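Student: My questions are about this predicted structure, shown below with the sequence.
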Amino acid sequence: MADMREPIESGCPDPWQYMHPVMRKNFGQWKYHEHPRPGVLLHVAYSGDRVWTVKAGTQRILDVFTLRKLCDIGDTFAEGHVHFTLRSNIEYLVTDEAKVAPLIEALEEAGFIVGGTQNSVTMISHTQGWLHCDIPGTDASGVVKAMMDELVDEFRNTNMPNRVHITTSCCQINCGGQGDIAINVQHTKPPKINHDLVANVCERPSVVARCPVAAIRPAMVNGKPSLEVDERKCICCGACYPPCPPMQINDAEHTKLAIWVGGSHSNARSKPSFQKLVAAGIPNNPPRWPEATAIVKRILKAYKEGARDWERINEWIERIGWPRFFEEVELPFTKYHIDTWRGSRASFNSSSYIRF
Amino acid sequence: MSIDKHSTPMLDQLESGPWPSFVSGIKRLRDQHADARINAMANDLLGQLEHSYETRKGYWKGGTVSVYGYGGGIIPRFSEVGKVFPSSKEFHTLRVQPPAGNHYTTAMLRQLADSWEKWGSGLITFHGQTGNIMFIGSSTENTQHFFDEINDYGWDLGGAGPCVRTAMSCIGAARCEMSCTNEFKAHRLLVNNFTDDVHRPALPYKFKFKISGCANDCQNAIERSDFAVIGTWRDDMKVDQDEVRRYVAEKGRQYYIDNVITRCPTQALSLNDDDTLAVDNRDCVRCMHCLNVMPKALHPGDDRGVTILVGGKRTLKIGDLMGTVIVPFKKLDTEEDYESLVELAETIIDFWAENGLEHERCGEMIERIGLANFLEGIGIEPDPNMLNHPRQSSYVRMDGWDQAAEAWFERQAEAAG
């Protein structure tokens, strides 16, 4: 160990050294912004400085060739500075308006999609999936690629009543987070346990503690210490699988997709909200997951036609009511839509408010 | 040197269509990269991924990989089908902390790309869901080499496991007129105070800081972080009435009433007969809607600061939780202000480390012990801003009421000076 190098615990780097000079100069001194065209923002500072931001969607999993191509574009047009958004879009800042159109052209020519601003359907925020996760029920990059191929015009344009954030998650832990529309894995059968491996691989008390409904208990199976699941209590969430891989939750047939709507992080107009279940039992169907995309498109169509300006999906549904939402998107309403978790009572209608 | 390419008929279908294809990117590494090691790695990665697509199963398992001196920051991945796909059988991810606000120079990105293709797969993501730069695909041995190289020129690992995680902040004051605080300063002071807790996982579970410069919360801080810092202001919002008039003239009065006035969540707005805007600032909750509609006419006030919410998280284990207001308003102007922000985070993390159960997030602990007990534990007095409404259940023992009421009046008198 003598020759091992001690780490420098420098933590989070100072962004000042990487920021575009116009941002450094006008830090905290911005006055307003405009939206000259989809994919472009114009920010104006109190100093009078103007800067155009051009935003583009990428494949998120970048190979070094693609990263260098994005760098070349940044060198040619944006003085060697770039910024990434929360949803993995790349942004270039230019101080010369004459550079905006050629920059857009260069990005499109290189295969990137300019858009994702204001009332667009921006890039889907997603997780790792089969490419890299240890517990995924589906892929992430593939679902997103297939879906963005179909939604590309909504990324390029700003025709929605308000912005639309879509997320995907490959297990029920839901790393993708809250979205106006979320496409998440939903397991439908209890884990299949390989009892030969449990004792060696799993720390049994932590697995028992991990279960949200106390359905797991220690047991001797075939003379070996293992774990058993009370399948009547099990909610098939998969929480036991990460700490105990022999409790396999993923299944080629019974791991399905579910769609949730109405999650919003913003405080604008209404408090942040969690997403609600609208569709389940959707086949996990690689390589293009057409069934899930079809439902997402139906929801987007109904929202685009029915919502008023500035209404996010949750606010639109709040106004028209859930019965009409299910009618308009042609989805069945079932007993599974009725919440059973703690606090569920607050989601019941305890009034005479009924729409006709 | 040619390699025996795996057939990938399912993945090939993700090469068509207008959106940029990650499959084509991995194929470029397989077919065009000068390094045979990367060619082979990309080929076997594609092979394993195709196998996942065919069988609808994942084939990575975790393990223990770290760099010298640290306990976390690497996501270890060993292939369960490594015999068939040996070149990518070790495919670990290094989580690297980005600069606050995700700003880069192309020169720095090129330097990172050079190091990564020397030691890793050549695949990078900006950024993962926690906010890290994800360097995806390194062998166990090369993990250390890559880290040593980039650590030398200023990059450090983020968190993985039960530890303080990589923080996130919005672009904020660097390019946004809505920004009410110095996001990247708060971000760096907070997370860099806990580097030991980032690198050596020893907490009950993960702990995340996220900073958004206004209530639009572009960093999803309230829902996705244990400690959310949201920029706000407490004096009157600024109104440029000429710009308001211009907007009303352009859009029409009905549009203005329907989209600005009646969309205010607390009915704090009214359109005057002369097409100027009346704002009742005492009713305004700083939700940002009207500022979003008219960024030219309306601006945050000058007396700016932050609101702090604690305990946001996703489903596992007790269900989704939003953060709860713990500090309704805090100034962040002086160095002392920032120091007390960091001290508050230390107090909360210490209390949680002491009282949280294994694998219990801070918000879950608050749910278990009760908000009032948590506040007492961290030495913060209760405030009606922390609630939507006071309790509804009469089932509570209240024989300490008189002292609590007296304490309230004392605090009020003290605040009034």
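Tutor: Now that the structure is in, tell me what you want to look at. Numbers count the residues shown, from 1 in each chain, chains lettered A, B, ... in the order given.

Student: make it CA atoms for all contacts and neighbour counts henceforth
Tutor: Fine.

Student: Apart from its chain neighbours, what residue comes closest to residue B:309?
Tutor: Of all residues beyond its chain neighbours, the one nearest residue B:309 is residue B:325 (4.2 Å), with distances taken as Cα to Cα, 6 or more residues apart in numbering or on different chains.

Student: Now do the same contact list for the one you found.
Tutor: B:307-310, B:385-387 (Cα atoms under 8 Å, 6 or more residues apart in numbering or on different chains).

Student: hmm, which of these are the buried ones?
Tutor: B:307-310 (16 or more other Cα atoms under 10 Å in any protein chain shown).

Student: I'd like these as JSON lines, with secondary structure, pLDDT and distance to residue B:184 appended.
Tutor: Shown next, in JSON lines, are the buried ones among the contacts of residue B:325 (DSSP: H, G, I helix; E, B strand; the rest coil; pLDDT from 0 to 100; distance: Cα to Cα, whole Å):
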{"residue": "B:307", "secondary structure": "strand", "pLDDT": "98", "distance to residue B:184": "16"}
{"residue": "B:308", "secondary structure": "strand", "pLDDT": "98", "distance to residue B:184": "16"}
{"residue": "B:309", "secondary structure": "strand", "pLDDT": "98", "distance to residue B:184": "18"}
{"residue": "B:310", "secondary structure": "strand", "pLDDT": "98", "distance to residue B:184": "19"}
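
Student: wait, which of the residues you listed is closest to residue B:93?
Tutor: The nearest member of the buried ones among the contacts of residue B:325 to residue B:93, counting by Cα to Cα, is residue B:310 at 29.1 Å.

Student: hang on, isn't that closest one packed against residue B:223?
Tutor: No. Applying Cα atoms under 8 Å, one finds residue B:310 not in contact with residue B:223, separated by 9.6 Å.

Student: Overlap of the contact sets of these two?
Tutor: Common neighbours of residue B:310 and residue B:223 (Cα under 8 Å, 6+ apart) are residue B:323.

Student: So which residues of the stretch 251-400 of chain B form helices?
Tutor: For the stretch 251-400 of chain B, applying DSSP state H, counting those that start in this stretch gives helices covering B:253-256, B:289-293, B:335-355, B:362-369, B:371-378.

Student: In chain A, where is pLDDT below threshold?
Tutor: A:1-2 (pLDDT under 70).

Student: ok, and residue A:295, which helix or strand is that part of?
Tutor: Using DSSP states H and E, residue A:295 sits within helix A:290-306.

Student: if we can go back for a sec, ok, of the contacts of residue B:325, which one's closest to residue B:241?
Tutor: residue B:307 (28.2 Å).

Student: Could you tell me the end-to-end distance of stretch B:84-94?
Tutor: End-to-end distance of stretch B:84-94 (Cα to Cα, to the nearest Å): 24 Å.

Student: Stretch B:10-30 now?
Tutor: OK, stretch B:10-30 end separation, Cα to Cα: 17 Å.

Student: Please apply the same query to stretch B:389-397.
Tutor: Start-to-end, stretch B:389-397 (Cα to Cα) is 19 Å.

Student: Which stretches in the stretch 1-150 of chain B count as helices?
Tutor: B:9-12, B:22-31, B:36-55, B:106-119, B:140-152.

Student: for the stretch 101-250 of chain A, same thing?
Tutor: Counting by DSSP H, counting those that start in this stretch, the helices of the stretch 101-250 of chain A are A:141-156, A:195-201, A:204-210.

Student: Let me know which of the ones you listed is the nearest to chain B.
Tutor: helix A:141-156 (5.1 Å; Cα to the nearest Cα).

Student: how far does stretch B:311-320 sit from the chain's center?
Tutor: With Cα atoms, centre = their mean, to the nearest Å as the basis, stretch B:311-320 stands 15 Å off its chain's centre.

Student: typo on my end, it should be stretch B:88-103
Tutor: With Cα atoms, centre = their mean as the basis, stretch B:88-103 stands 15 Å off its chain's centre.

Student: pLDDT (mean, whole number) over that stretch?
Tutor: Averaged across stretch B:88-103, the pLDDT comes to 98.

Student: what about it and chain A, touching?
Tutor: Yes. Using Cα under 8 Å from any Cα of the partner chain as the criterion, contacts between stretch B:88-103 and chain A involve B:97-103.

Student: Could you do stretch B:248-255 as well?
Tutor: No. Using Cα under 8 Å from any Cα, stretch B:248-255 stays clear of chain A, with a minimum separation of 9.5 Å.

Student: May I see the buried residues of that stretch?
Tutor: Those would be residue B:248, for stretch B:248-255 by 16+ other Cα under 10 Å.

Student: hmm, who's touching that stretch?
Tutor: Under Cα under 8 Å, 6+ apart, the answer for stretch B:248-255 is B:256, B:275.

Student: and what of stretch B:29-42?
Tutor: Residues outside stretch B:29-42 that contact it (Cα under 8 Å, 6+ apart): A:63, A:65, B:1, B:3, B:26-27, B:43, B:87-88, B:117, B:120-122.

Student: returning to that earlier point: can you say which of the helices of the stretch 101-250 of chain A is packed in most?
Tutor: Scoring the helices of the stretch 101-250 of chain A by mean neighbour count under mean count of other Cα atoms under 10 Å in any protein chain shown gives helix A:141-156 as the most buried, with a mean of 23.

Student: so that one versus helix B:36-55, what angle?
Tutor: 90 degrees (axes from the mean of the first three to the mean of the last three Cα atoms, to 10 degrees).

Student: Helix A:141-156 - contacts with which helices or strands?
Tutor: Under the contact criterion of 3 or more Cα pairs under 8 Å, 6 or more residues apart in numbering or on different chains; DSSP states H and E, helix A:141-156 touches strand A:113-114.

Student: what about the strand it packs on, distance to the chain center?
Tutor: Distance, centroid of strand A:113-114 to centroid of chain: 19 Å (Cα atoms, centre = their mean).

Student: do stretch A:196-214 as well
Tutor: Distance of stretch A:196-214 from the chain centroid (Cα atoms, centre = their mean) equals 29 Å.

Student: Does that stretch reach chain B?
Tutor: Yes. Using Cα under 8 Å from any Cα, stretch A:196-214 reaches chain B at A:210-212.

Student: Let's see that stretch as PDB, backbone CA atoms only.
Tutor: Output in PDB follows, covering the C-alpha atoms of stretch A:196-214 (Å, rounded to 0.1, in the frame of the first residue of the first chain):
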ATOM      1  CA  ASP A 196     -29.600 -22.200  -1.900                       C
ATOM      2  CA  LEU A 197     -28.000 -18.800  -2.100                       C
ATOM      3  CA  VAL A 198     -29.800 -16.700   0.500                       C
ATOM      4  CA  ALA A 199     -27.800 -17.600   3.500                       C
ATOM      5  CA  ASN A 200     -24.500 -16.800   1.800                       C
ATOM      6  CA  VAL A 201     -25.400 -13.700  -0.100                       C
ATOM      7  CA  CYS A 202     -28.000 -11.900   2.100                       C
ATOM      8  CA  GLU A 203     -27.800 -10.300   5.500                       C
ATOM      9  CA  ARG A 204     -31.200 -11.700   6.500                       C
ATOM     10  CA  PRO A 205     -32.200  -9.200   9.200                       C
ATOM     11  CA  SER A 206     -31.700  -6.200   6.900                       C
ATOM     12  CA  VAL A 207     -33.700  -7.900   4.200                       C
ATOM     13  CA  VAL A 208     -36.500  -8.500   6.700                       C
ATOM     14  CA  ALA A 209     -36.300  -4.900   7.800                       C
ATOM     15  CA  ARG A 210     -36.400  -3.600   4.200                       C
ATOM     16  CA  CYS A 211     -39.900  -4.900   3.500                       C
ATOM     17  CA  PRO A 212     -42.500  -2.100   3.600                       C
ATOM     18  CA  VAL A 213     -45.300  -4.500   4.600                       C
ATOM     19  CA  ALA A 214     -43.500  -6.900   6.900                       C
END
